[in-house]
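J.: Using only what follows, build the 3D model:
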Amino acid sequence: MARTLAAGLPALAVLLFPQFAFAAADHELPGAAMSLWWVLPFAGLLLSIATGPLLFHHVWEHHYGKIAAGWAALAVVPLAIAFGIPSAMEAVLHTLLTEYMSFIILLFALYTISGGILLAGNIHGTPLVNAGLLLAGALLASVIGTTGASMILIRPILRANDNRPFNAHVVIFFIFLVSNIGGSLTPLGDPPLFVGFLRGVDFFWTTANLWRETLFTGGLVLLVFLAIDTMLHRREAGMPKIKDPTPDKTVRLRGVANLPLLAGVIGAILLSATWKPGVSFSIFGVGLELQNLARDAVILALAFASLAVSRKSHREANGFTWGPIAEVAKLFAGIFIAIVPVIAILRAGHDGALAPLVALVTSDSGQPNDLAYFWLTGALSSFLDNAPTYLVFFELAGGGPQRLMGEFATTLAAISAGAVFMGANTYIGNAPNFMVYAIARHRGVKMPGFFGYMAWSGTVLIPTFLIAGFLFFG
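T.: Numbering: from 1, shown residues only. As a prediction, this is how the structure comes out:
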């Protein structure tokens, strides 16, 4: 079956697109001439990511890499046949070498270094203490990423509330604030913002342009949490006491040698944004700039240094494994490849097959509709991965970083806020969500199911986003 499919793909591509079968003179993919069929591998991969862990968990767990590779092949092979091998390879290699590699290196480093930092001891989870931990985690998320902050703080906050009858809501709001909303202020915070940085958005642009939206949205969600947690804490006062399973110990931060390494990651990124020596190298026809190669090399070195200086016991206490980052690496490789034809179509704008989507986010005057960008980016980020969703709408808005940071700054802010904030709407909207959910269930927290969680997000987040949308982008 596999051999038949592999043999049939080129023939299918020729039948569907005979006019391009031997077009290889111009290596730029002709997005205006590409139909919606080219979107199917990307859509299929994202649908697999959304439904695989829920509908066919065991198959997905053992074969997600092969499934991602299969969808990627369904994008690349027809591209090579329809437009020629040089055009297809150049487009794919450009994406992998200039975007994917830097993207996954940063995630790998943040995941590895934060895994060596342990917040040990026992904190008692009163409403004010919990709110303080959520606030600290949200602030930390923009420094070490939503994944790093979630992995460092989820276990301490679970220990703090392990003697409370009602504690699932604490984890839910942790996902809202630490795993998502808090990561909106720097490219380090959340993958879509780093994709924007790789596309040319200034490092501190999001800090300067999203702090109001982040302060309002995060502050309102935190106030709602404080009200709910206070009410439940008072109700618990009349219930039988549960013995605290975690012994009282002094709260201490272990693995502090990793903190300078995190600072080094930030420094390497800032250096690459300011140091422009004008030197580049060509690898398989793809130009790679020296400052970006140096940045990635330094970040990798810092990650490996963390493995050398961190105690094994600290990583074990954090439940650190390579599984999550390996899954992210394989899935995002497939995503970055499968999105290549989608980006080509989007670059064609009103002349491309996705012109109706362009019209949907464009006002009658021809200007971008910021509120539509906010909600469409957010709605898709709720169920699909928010990094490729951000990239789709980034390209839809024009794809030129200087113009988006200037004339269309509010549009870029709407796309960024929608991608980061609304990843909290479901368990599958952002990578840390499901990781936090799995850790909490393993620790005995009675977490709501997929739709139960959406009831919480629909009650708390959607009204918050409605207010924020009209306030900032309406």
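J.: Just name whatever secondary elements the longest helix seen in the chain is in contact with.
T.: Secondary structure of the chain per DSSP state H: the longest helix is helix 127-160. Applying 3 or more CB pairs under 8 Å, 6 or more residues apart in numbering; DSSP states H and E, we find helix 127-160 packed against helix 101-115, strand 118-120, helix 168-177, helix 205-236, helix 258-274, helix 431-442. (C-beta placed from N, C-alpha, C; glycine too.)
J.: for that helix, what is the average pLDDT?
T.: Across helix 127-160, the average pLDDT comes to 90.
J.: Next, the angle helix 431-442 makes with that helix.
T.: Angle, helix 127-160 to helix 431-442, by axes from the mean of the first three to the mean of the last three CA atoms, to 10 degrees: 70 degrees.
J.: quick one: helix 127-160 to helix 101-115, angle?
T.: Going by the same axes, to 10 degrees, helix 127-160 makes 90 degrees with helix 101-115.
J.: And the residue nearest to the spatial centre of the chain, its phi and psi?
T.: Using CA atoms, centre = their mean, the residue of the chain that lies closest to the mean C-alpha position is Pro191, 3.9 Å off. Main-chain torsions, Pro191, degrees, to the nearest 10: phi -50, psi -40.
J.: Skip the chain neighbours and tell me the closest residue to it.
T.: Leaving aside its sequence neighbours, Pro191 sits nearest to Ala387 (CB to CB, 6 or more residues apart in numbering; 4.0 Å).
J.: Just say helix, strand or coil for the one you found.
T.: helix (DSSP: H, G, I helix; E, B strand; the rest coil).
J.: Nearest to Ala372, out of the helices and strands packed on helix 127-160?
T.: Among those, the nearest to Ala372 by CB to CB is helix 205-236 (16.3 Å).
J.: Report the buried residues of that closest one.
T.: By 16 or more other CB atoms under 10 Å, the buried positions in helix 205-236 come out as 205-207, 209-210, 213-214, 217-218, 220-222, 224-226, 228-229, 232-233, 236.
J.: Equivalent analysis for stretch 348-361, please.
T.: Quick answer for stretch 348-361 (16+ other CB under 10 Å): 348-349, 352-355, 357-358, 361.
J.: Not counting it itself, show me its contacts.
T.: By CB atoms under 8 Å, 6 or more residues apart in numbering, the residues outside stretch 348-361 that reach it are 31-32, 34-36, 38-39, 342, 345-346, 368-369, 372-373, 376, 393, 396-397.
J.: Sort out for me which of those residues are in helices.
T.: Using DSSP H, these in helices are 342, 345-346, 372-373, 376, 393, 396.
J.: So in the chain, where's the weakest helix or strand by average pLDDT?
T.: Using mean pLDDT, DSSP states H and E, the weakest-scoring helix or strand in the chain turns out to be helix 2-16, at a mean of 37.
J.: what's the angle from the helix or strand following that helix to helix 431-442?
T.: Using DSSP states H and E, the helix or strand that directly follows helix 2-16 along the chain is helix 40-55. Inter-element angle recorded for helix 40-55 and helix 431-442: 10 degrees (by the same axes, to 10 degrees).
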